[in-house]
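S.K.: Please work out how this folds:
(chains A and B)
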Amino acid sequence: MDSSLVMIGLTNVLSINNIACILGGTALGLFVGAMPGLSATMALALLLPLTFSFDPATGLSMLAALYVGASYGGSIAAILLRTPGTPSAAATVLDGFPLSQQGKAGHALGVSLFASFFGGLMSGIALLTAAPLLGTLVLEFGPVELFAIAVLGITIIGSLAQGSVISGLLSGGLGLLISTVGMDLTTGTPRMTFDQISLFSGIDFTVALIGLFSVPQALTLIENSHQGNKVASRITDRLVPQWKTIKRLMPNILRSSGIGVVVGLIPGTGGDTASWFAYNEAKRFAKDKSGFGKGEIAGVAAPEAANNAVVGGALIPTIALGIPGSSSTAILLGALMVQGILPGPNLLTDYGDVTYTLIWAVIMANIALLVVGLAFTKMSVSVTQVPDGFIACAILALCIIGAFAINNSLFDVGLMLGFGLFGYWLSKAGVSPAPMVIGLILGPVMEISFQQSMLIGNDSFGVFLESPIATVLLIMALLSILQATPLFSWLRRPFKRRLERKR
Amino acid sequence: MHANTLSNAIRISRVARQTGLTESIGRPAAARLCGVLGLSALAIAIVPLAQAQEYAGGDEVRVLQGFKPGGGSDALAQLVQPKLAEILGVDFVNEYMPGATGAVAWTRLAKQSANDGSVISITNTPMLMTNYIMNDAITYTTDEMTPIANVVTDPGIVVVSADSPFETIEDLMEAAEQNPGTVTIGNSGVGGDDFFTTIQLEQATGLSFKRVPFQGDGPSATAAMGGKIDASFNNVGNVYGQVESGNLRALAVFAAERLTSLPDVPTMQEKGIDIVAGSSRGYSAPADIPDDARDQLIAAFETLADDEAFQSQAEQRAMNLDVVTGDDYGEMIADMEAEYRDIWQEVRDQVSQ
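M.R.: Take a look at the predicted model:
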């Protein structure tokens, strides 16, 4: 690392112009993130042409800030309204919304903000110090390894199945099934598309997500709106979390940030995957698992730390090798190209001044997030003062706009409403939509990487055992499944006994 | 028609980004920031530039894009359309309709768009043709379009990882000869140019490769870089930076002549294999648009091709300009279609087994 370039980057960021852009970008990101359907990628693509005329430092600072802001913004609507603002905030709903129902929305939002801040900051530091080292790791992840990650991710379905395992598996299986709609990657054959070309690219995961989470919530609000008592939360507690809460959550936040960085740097997986992994690990490591799904604050901190850590993680291969780690960083790479910087491994050397500016902008944007985020969150909390009937209508309107905005397609709006009704029925039947979301996210990754692995490995399953990374990940997946079966507690019994004897 | 209030709301933001591009040069960043936040305010402030001759297709042209904003097609749009807007005195409004590798937008263009010159689309080959060659459910054809101009062609290239045992294209082909069907070649997806180039090479040489499809050129190049596949058939614009920095080694290009940017890389023709291939991006309109509008659009692209500022900007963004206008573009599309139809006819059973 060339320290002079690092300093040039820092001084580039610390101009009044750039700080203003970072603050503005963060605010814009928060807004976009909070709106269901409007994603960071979309906002980046829209803002990109505007930055063409900026100097590189200013333009990149603003784009990076937007990316950071949007990663946190998604949790606001997730916690207050049970409608994830971004796909990566879906896991936050599980514990964030129950907290908000218990009147602890401020607590949940505050922890979410601080977890996001720490996650983002840590990934920024990883980016600054270890990018070249971690960047080369990316090349180790080919189709074979990606398949193993997807399998490991699928096992989360098991631990998410609250109450009934059967309904959880049903929900996850449905998600996987729905994810097969669209053209087969290796043959180009359309599957379950009914000659409807809007389905050829498959069902957009965000469309399903909006339908499954937001529409049932709106309908439930309408259902209960005639009742005197307001179900939605009132802000009675403080927004800034107490130091001892943060201290208690620190191991969780650190672990989740690590997960976020690693998942972020692998191309093909992003914030939507990382947040579920982090949630799952938070639950696995927790001593008392009973609170999860009913308003456990650790279940808010984990996904939020992870999805903000993805920002820095996804940027690592982007700047170290010129390989985008996510669709959002692909657009950032486009921003560099417009400035005459061709993506490649010389980003850290030949174009070090611009690249380190980007890295510092990410770190600064996290600090800006804390400041702007507090104000923004305070404001958005007032949404709970609005009567439920109005909120429900606003959610439905946002769902429709969001579903339309993804592909500018009315077909998607219909699809979203279909998923909405299905989701409403699921919630009445007591089936959680969370496993289905995981199936939808990881299904395509798993299928495609499996097909590619089979081609590379000449149709032999041995290909998965030849890769050490894949082998380790698959063993972890196996253990994760066994953990949920009686076999595991039987295996562990002798160990436990020995431990007890020592005591 | 595609005109409801929702799409208007989206369009306002699209207009704003266009004007943001042309208008905001030189304004302080903070003011621009306000511009972002006040999208609608900006949108109202559009004043078409005064022009000697008015464009026959009206003062607003919608550009249907078959891919997501921020991708390669969008990059072309952001470079070309502000210049075209100046030449023609119209505003360009991008409408993104990603889906079915562009087929959603091109079906809209061919079947459901006004043919008065007010709607055009970015047309990418070979997907423009292979979409309906390979899928009966996709019903538009290029006969239902008026070709306006091709703008860029990104030649095909063969790349391997820096530490690959294959030093030359002959090494790669020899390996395929010794162990047929085991040398893994990445491509950008079934129906893309790299997929067809691989088949063309197989047909020309009698060799057989293992074709591994990826979701785009980027993942295919990354897999080659990590040595996960033996080689990636890719496009120069996507891998140039990696080749220059030594992470990837280029074995051959599918171009008619050696590229000035990669003078040491041989062409396939030099090796006695007559394949010239690549992916192209251009503009087309619906069939039977008024001659005035067509001529004006074509003239605008010809003016653009001679613009030195445009040429240098394209070079800076690693875009290989290949401006082919009007009937010549139509011929280019027709030739490609015939070629790809033949190839697909031969391999379709083998691919979709």
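
S.K.: And A:Ile210, how far from chain B?
M.R.: To chain B, A:Ile210 is 15 Å away according to CB to the nearest CB, to the nearest Å. All C-beta atoms are positioned from the backbone trio N, CA, C, and that covers glycine.

S.K.: just A:Trp243 next, same as before
M.R.: 35 Å.

S.K.: Is the residue nearest the centre of chain B bridged to anything, and to what?
M.R.: What sits nearest the mean C-alpha location of chain B, by CA atoms, centre = their mean, is B:Arg281, with 3.3 Å. Beta-bridge partners for B:Arg281, by DSSP bridges, are B:Asn124, B:Val152.

S.K.: who touches it in this structure?
M.R.: B:72-73, B:76, B:122-125, B:150-152 (CB atoms under 8 Å, 6 or more residues apart in numbering or on different chains).

S.K.: Please enumerate the helices of the stretch 351-500 of chain A.
M.R.: A:352-381, A:388-407, A:410-429, A:434-456, A:463-466, A:468-483, A:486-502 (DSSP state H, counting those that start in this stretch).

S.K.: for chain A, what helix or strand is lowest in average pLDDT?
M.R.: helix A:486-502 (a mean of 68; mean pLDDT, DSSP states H and E).

S.K.: quick one: low-confidence parts of the chain?
M.R.: Using chain A. A:1-2, A:161-163, A:227-237, A:488-489, A:492, A:495-503 (pLDDT under 70).

S.K.: that's the other chain; I wanted chain B
M.R.: For chain B, the stretches with pLDDT under 70 are B:1-53, B:352-353.

S.K.: elements contacting the longest helix along it?
M.R.: Counting residues, the longest helix in chain B under DSSP state H turns out to be helix B:326-351. For helix B:326-351, the elements it packs on are strand B:119-125, helix B:127-134, strand B:145-161, helix B:193-205, judged by 3 or more CB pairs under 8 Å, 6 or more residues apart in numbering or on different chains; DSSP states H and E.

S.K.: at 7 Å what do you get?
M.R.: helix B:127-134, strand B:145-161, helix B:193-205 (3 or more CB pairs under 7 Å, 6 or more residues apart in numbering or on different chains; DSSP states H and E).

S.K.: Could you give me the buried positions within that helix?
M.R.: B:326, B:329-330, B:332-333, B:336-337, B:340, B:343-344, B:347, B:351 (16 or more other CB atoms under 10 Å in any protein chain shown).

S.K.: Report the inter-axis angle for that helix versus helix B:193-205.
M.R.: With axes from the mean of the first three to the mean of the last three CA atoms, to 10 degrees applied, the angle from helix B:326-351 to helix B:193-205 works out at 70 degrees.

S.K.: quick one: helix B:326-351 to helix B:127-134, angle?
M.R.: 40 degrees.

S.K.: Most neighbours among the contacts of B:Arg281, which one?
M.R.: Across those, the neighbour count under other CB atoms under 10 Å in any protein chain shown reaches its highest value at B:Thr123, namely 29 neighbours.

S.K.: Around chain A, pick out the residues from the stretch 151-300 of chain B.
M.R.: B:182, B:184, B:189-191, B:210, B:212-213, B:215, B:218-219, B:222-223, B:225-226, B:228-229, B:240-242, B:244-245, B:247 (CB under 7 Å from any CB of the partner chain).

S.K.: let's see it at 6 Å
M.R.: B:184, B:190-191, B:210, B:212-213, B:222-223, B:225-226, B:228, B:241-242, B:245, B:247 (CB under 6 Å from any CB of the partner chain).

S.K.: Out of the residues you listed, name the ones that lie in helices.
M.R.: B:222-223, B:225, B:241-242.

S.K.: Now tabulate these in a markdown table and tack on neighbour count and distance to A:Val207.
M.R.: Listed next are these as a markdown table, based on neighbours: other CB atoms under 10 Å in any protein chain shown; distance: CB to CB, whole Å:
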| residue | neighbour count | distance to A:Val207 |
| --- | --- | --- |
| B:Thr222 | 28 | 28 |
| B:Ala223 | 24 | 29 |
| B:Met225 | 25 | 33 |
| B:Gly241 | 21 | 34 |
| B:Gln242 | 27 | 34 |
